[in-house]
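[1] coords please:
(2 chains)
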There are 2 protein chains.
Amino acid sequence: MKLRVGIIGAGPSGLAQLRAFKSAEMKGEAIPEIVCFEKQADWGGLWNYTWRTGVGKYGEPIHGSMYRYLWSNGPKECLEFADYTFDEHFGKPISSYPPRPVLFDYIQGRVNKCNVRDYIRFNTTARWVEYKEDTKQFSVVLEDLANNKTYTEEFDYLIVASGHFSTPNMPYFEGIEEFPGLVMHAHDFRGADIFRDKDVLLIGSSYSAEDIGVQSYKHGARSVTLSYRSNPIGMDWPEGMKEVPLLTHFEGEVAHFSDGTQERFDAVVMCTGYQHKFPYLPDELRLKTKNCLYPDKIYKGVFFNELPQLIYLGMQDQYYTFNMFDVQAWYARDVIQGKIQLPGKEERQKDINLWLNKAAANCSHDDEIDFQTEYVRELMNMTDYPTIDLDKVAVLFKQWLQDKEEDILRYRDKTYTSVMTGTPAAQHHTRWLDEMDDSFERYMQETPVPEPERELELDQVQAQ
Amino acid sequence: MKLRVGIIGAGPSGLAQLRAFKSAEMKGEAIPEIVCFEKQADWGGLWNYTWRTGVGKYGEPIHGSMYRYLWSNGPKECLEFADYTFDEHFGKPISSYPPRPVLFDYIQGRVNKCNVRDYIRFNTTARWVEYKEDTKQFSVVLEDLANNKTYTEEFDYLIVASGHFSTPNMPYFEGIEEFPGLVMHAHDFRGADIFRDKDVLLIGSSYSAEDIGVQSYKHGARSVTLSYRSNPIGMDWPEGMKEVPLLTHFEGEVAHFSDGTQERFDAVVMCTGYQHKFPYLPDELRLKTKNCLYPDKIYKGVFFNELPQLIYLGMQDQYYTFNMFDVQAWYARDVIQGKIQLPGKEERQKDINLWLNKAAANCSHDDEIDFQTEYVRELMNMTDYPTIDLDKVAVLFKQWLQDKEEDILRYRDKTYTSVMTGTPAAQHHTRWLDEMDDSFERYMQETPVPEPERELELDQVQAQ
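    Okay, the predicted model is just below:
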């Protein structure tokens, strides 16, 4: 009997897993029977933009957290696939911070090349999983959403690739039930147009707050206020943007902050992060973790230690993204294929503890980058995934943090050089702050750069 | 062994079931072991207002579809509990169309009286149900959301009381993904303040469209446009409100309609109804129906014909509400207690077909009212639920439809007389159109009625 592998989710992690198996097959290896289940009607996970919020066409919680005008908030050179470069996909240099549709196109290019779409059952959600001790298999209840039908299939390995930036974490603040304006989580934000001429309060101090703040500024909000719990983001914000300490409560449309100040707002966006949520998994198989660089209980960040037939992809907080999912998927593949033997449970736990201890010692963002670089390197070296010069990628990450801090409104105009191909990124024809169109078509145009007055020099950073 | 009864949902239907058992117990009967599971942190179902939209604190789809300033859109005299009158609860006459908090208070009054809260496990969702042929029991996987833990319990009877006005039905319209304004389903609407001075498009022609339209008008929308698919609501709309035929597509912020007209909007609310959704039930136990007065496959609108240990409450489209859930719950109780024997499956199917045929013959709203009146009467007469003079209730319903049609902005100022107690409703101290505060406190005040110019006489309808 052929092994059966079930993959839950056809986002970047699930697609990485499909690609990993396909790549082995192309080298002549026999691969297991694979089925990938995707709740959405198309692949791409978060990158598959939806206008919907709340629940989708079939009443399932919406996966997507992206919005119109979302541009990459990190250099594309840091997430380049080692086995499918930007050069290969685009055939010409592009800028370092492409908009969502361009990165989505890149993700799709690789998987379109290798016919993995046939493995995916779209509009299909995993409803409930049981591990059967007698057969050593997972019994997975699936729901065909379009046909309102459930059915059950058995798998030897189950790969959880359903992401962890889809289930909002949304705290309560006193008086919010009486706040008359719009209240939403960043997950439901679909574009800053609705905040034109509005006073917007963003709660949070991570990527969502930073980017939705800057988006709102760019698209004409009257004022943008970011409220932080512990520490401000600390950027040199432009006129009209500011940071204030934590919101304590609302009185009508007025927000009160812990420093005693108060202000009236039209809208509140909770940029308060996401929860790891696996409603389809029973307690004993469920990964329970906050968002961190090394969740406990998964060996090499991948294998559920209690039951290593259960594999989690991409559950870490992320500097590295696409290529980290790749090295995880390649590693998982080789274990499933029997090319790599896992050590025993206690050995595995020791290794987990080692990494947990390392993670606990991280003090700065640079430490975190180095930590995740080491993690990716370890996995990369275990398989035939093409080698990436990760030290160079780490340098790029650190440069990116610096560039952002230098100018949060203009860091996306910077360019870097591909670690994989040595190709320097192109300067985009329009500065990010002036570019109101994020479409693929507009991005790929060879339009001459409009020349608005430039307040700062657009140095090309050659971070090598 | 005591029978075990599981109830999913502690809204009006689930609470009716608890009350039904409690009422038998108070009469000296032995009752089964009962556990009621409620996803929310409190009881009341839709009546338990939440400021949240999308998913809740623990990432489950939000149940609540109600909003600030929601007032009953039907006379309270039509939904009065036969065993707990408005007089008993409030101790004085109140108006016929109370705001949500006042009706919520009424619902709670009855169940507070009889200690049913102890039966309810809050923050607990049903995750997956299996019926075990060998034990003839339901095995129900439950999730304790606050503690992120799953566990399984067995039940002889399972009562599905999770409602069907919580999972939005939200069609796609071409170009909506590029519409720059706010797009939401009525389910996520939390108050019309956000539409002040805005041009709002509502899609739909049922209760949600009608009421959110009127709310938006009341709270200062610049214009309110309702787009209908088949037939307009056809009210005599005030200046600033109008109906147009079906939306065909969007171009940017401009909506195009099937009559060739077009208009720019700031926001779109899809008042496009709800889906019956039971993600925790397997295919073979799942009620699959659109919203209608008599769903197929449930005997007497309650017992799942394939397996009558499975009981559905409140799954009908509703003229009757609270008291219909009551007669269903009393009937279900008596079957579970063995006081009523169900006929065989084929007999049951015949009866279902009879009702389906009757339902198919309904032509007008008045027909529908008569149909549901007969349905409620049949169930009412089978148990010891106190008798309601349903013919009088039917008259009230028909009067209500007429009053709404006469003046959609002022029908809530009408008053009717209780069928149960003969008490005429009080005139509320403030006309609905002028009343911007829907709080319990404000409602119960003995404030003198302010006397704005009245454009129409507020006839007291004594519909007896």
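[2] could you check the pLDDT of the closest residue to A:Ala425 other than its chain neighbours?
    Closest residue to A:Ala425 apart from its sequence neighbours, by Cβ to Cβ, 6 or more residues apart in numbering or on different chains: A:Thr415 at 3.8 Å. Heads up, the C-betas are built off the backbone N, CA and C, glycines and all. For A:Thr415, the pLDDT comes out at 98.
[3] count of residues packed around A:Thr415?
    Residues lying near A:Thr415 (other Cβ atoms under 10 Å in any protein chain shown) number 23.
[4] again, but for A:Arg377
    17.
[5] quick one: the nearest residue to it once chain neighbours are set aside and chain B, what's the gap?
    Computed as Cβ to Cβ, 6+ apart, the closest residue to A:Arg377 that is not its neighbour in sequence is A:Leu390, at 5.1 Å. According to Cβ to the nearest Cβ, to the nearest Å, A:Leu390 and chain B sit 34 Å apart.
[6] same check, this time on A:Glu80
    Between A:Glu80 and chain B the distance is 28 Å, computed by Cβ to the nearest Cβ.
[7] who touches the nearest residue to that residue once chain neighbours are set aside in this structure?
    Of all residues not flanking A:Glu80 in the chain, A:Met420 sits nearest, at 5.2 Å (Cβ to Cβ, 6+ apart). For A:Met420, the contacting residues are A:80, A:82, A:85, A:388, by Cβ atoms under 8 Å, 6 or more residues apart in numbering or on different chains.
[8] tell me the confidence at the last one?
    As predicted, A:Ile388 sits at a pLDDT of 98.
[9] three-state assignment of it?
    Here A:Ile388 is recorded as coil under DSSP: H, G, I helix; E, B strand; the rest coil.
[10] neighbours of it, how many?
    When neighbours are counted by other Cβ under 10 Å, A:Ile388 registers 21.
[11] and the pLDDT at the residue lying farthest from the centre of chain A?
    Note on chain A: the largest C-alpha distance from the chain mean falls to A:Asp134, namely 36.8 Å (Cα atoms, centre = their mean). Per-residue confidence (pLDDT) for A:Asp134: 98.
[12] quick one: terminal-to-terminal distance for stretch A:212-227?
    From its first residue to its last, stretch A:212-227 covers 13 Å (Cα to Cα, to the nearest Å).
[13] show me which positions of that stretch end up buried.
    For stretch A:212-227, the neighbour count (16 or more other Cβ atoms under 10 Å in any protein chain shown) marks A:212-219, A:221, A:223-227 as buried.
[14] ok, so of those residues, who is nearest chain B?
    For the buried residues of stretch A:212-227, the residue nearest chain B by Cβ to the nearest Cβ is A:His219; the value is 9.1 Å.
[15] residues from the stretch 251-400 of chain A in reach of chain B?
    For the stretch 251-400 of chain A, the residues in contact with chain B (Cβ under 8 Å from any Cβ of the partner chain) are A:275, A:277, A:279, A:282-283, A:286, A:288.
[16] filter the residues you listed down to the buried ones.
    Among these, the ones that count as buried by 16+ other Cβ under 10 Å are A:275, A:277, A:279, A:282, A:286.
[17] determine which two of the residues of the stretch 251-400 of chain A next to chain B are furthest apart.
    A:Gln275 and A:Pro282 (17.6 Å; Cβ to Cβ).
[18] rewinding a little: from the residues of the stretch 251-400 of chain A next to chain B, which ones fall inside strands?
    A:Gln275 (DSSP state E).
[19] now the residues of the stretch 251-400 of chain A next to chain B as JSON lines including pLDDT?
    Putting those into JSON lines (pLDDT from 0 to 100) gives the following:
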{"residue": "A:Gln275", "pLDDT": "97"}
{"residue": "A:Lys277", "pLDDT": "98"}
{"residue": "A:Pro279", "pLDDT": "98"}
{"residue": "A:Pro282", "pLDDT": "98"}
{"residue": "A:Asp283", "pLDDT": "96"}
{"residue": "A:Arg286", "pLDDT": "98"}
{"residue": "A:Lys288", "pLDDT": "98"}
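[20] and which of the residues of the stretch 251-400 of chain A next to chain B is nearest B:Gly204?
    Looking across these and measuring by Cβ to Cβ, the closest to B:Gly204 is A:Pro279, at 29.9 Å.
[21] was I right about that closest one contacting B:Arg127?
    Yes: shown here, A:Pro279 and B:Arg127 form a contact pair, counting by Cβ atoms under 8 Å, at 6.7 Å.
[22] anything in contact with each of the two?
    The overlap between the contact sets of A:Pro279 and B:Arg127 (Cβ under 8 Å, 6+ apart) consists of B:Glu143.
[23] where exactly do the strands run in the stretch 201-350 of chain A?
    Listed in chain order, the strands of the stretch 201-350 of chain A (DSSP state E, counting those that start in this stretch) span A:223-227, A:241-244, A:247-251, A:254-257, A:262-264, A:267-270, A:274-275, A:298-299, A:303-304, A:310-312.
[24] now those in a markdown table, with distance to B:Gly204?
    Output for the strands of the stretch 201-350 of chain A, formatted as a markdown table (distance: least, Cβ to Cβ, whole Å):
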| stretch | distance to B:Gly204 |
| --- | --- |
| strand A:223-227 | 34 |
| strand A:241-244 | 38 |
| strand A:247-251 | 31 |
| strand A:254-257 | 34 |
| strand A:262-264 | 33 |
| strand A:267-270 | 25 |
| strand A:274-275 | 32 |
| strand A:298-299 | 46 |
| strand A:303-304 | 46 |
| strand A:310-312 | 42 |
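[25] in stretch A:303-319, what's buried?
    For stretch A:303-319, using 16+ other Cβ under 10 Å, the buried residues are A:303-305, A:308-319.
[26] what's the answer for stretch A:411-425, then?
    A:411-420, A:423-425.
[27] before we move on, what about stretch A:253-270?
    Applying 16+ other Cβ under 10 Å to stretch A:253-270 flags A:253, A:255-257, A:263, A:265-270 as buried.
[28] likewise for stretch A:357-371?
    Within stretch A:357-371, the residues scored as buried using 16+ other Cβ under 10 Å are A:358-359, A:362, A:368-371.
[29] and the contacts of it?
    With contact meaning Cβ under 8 Å, 6+ apart, stretch A:357-371 is reached by A:292-294, A:319, A:374, A:394, A:397-398, A:401.
[30] put the alpha carbons of that stretch into PDB.
    What follows is stretch A:357-371, C-alpha atoms only, in PDB (Å, rounded to 0.1, in the frame of the first residue of the first chain):
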ATOM      1  CA  ASN A 357      17.100  27.800  25.300                       C
ATOM      2  CA  LYS A 358      18.700  29.500  22.400                       C
ATOM      3  CA  ALA A 359      15.500  31.300  21.600                       C
ATOM      4  CA  ALA A 360      15.200  32.500  25.200                       C
ATOM      5  CA  ALA A 361      18.600  34.200  24.900                       C
ATOM      6  CA  ASN A 362      17.500  36.400  22.000                       C
ATOM      7  CA  CYS A 363      17.600  40.000  23.000                       C
ATOM      8  CA  SER A 364      17.400  42.100  19.900                       C
ATOM      9  CA  HIS A 365      15.900  41.800  16.400                       C
ATOM     10  CA  ASP A 366      19.400  41.100  15.100                       C
ATOM     11  CA  ASP A 367      19.600  38.200  17.500                       C
ATOM     12  CA  GLU A 368      16.300  36.900  16.300                       C
ATOM     13  CA  ILE A 369      17.500  37.200  12.700                       C
ATOM     14  CA  ASP A 370      20.600  35.200  13.500                       C
ATOM     15  CA  PHE A 371      18.600  32.600  15.400                       C
END
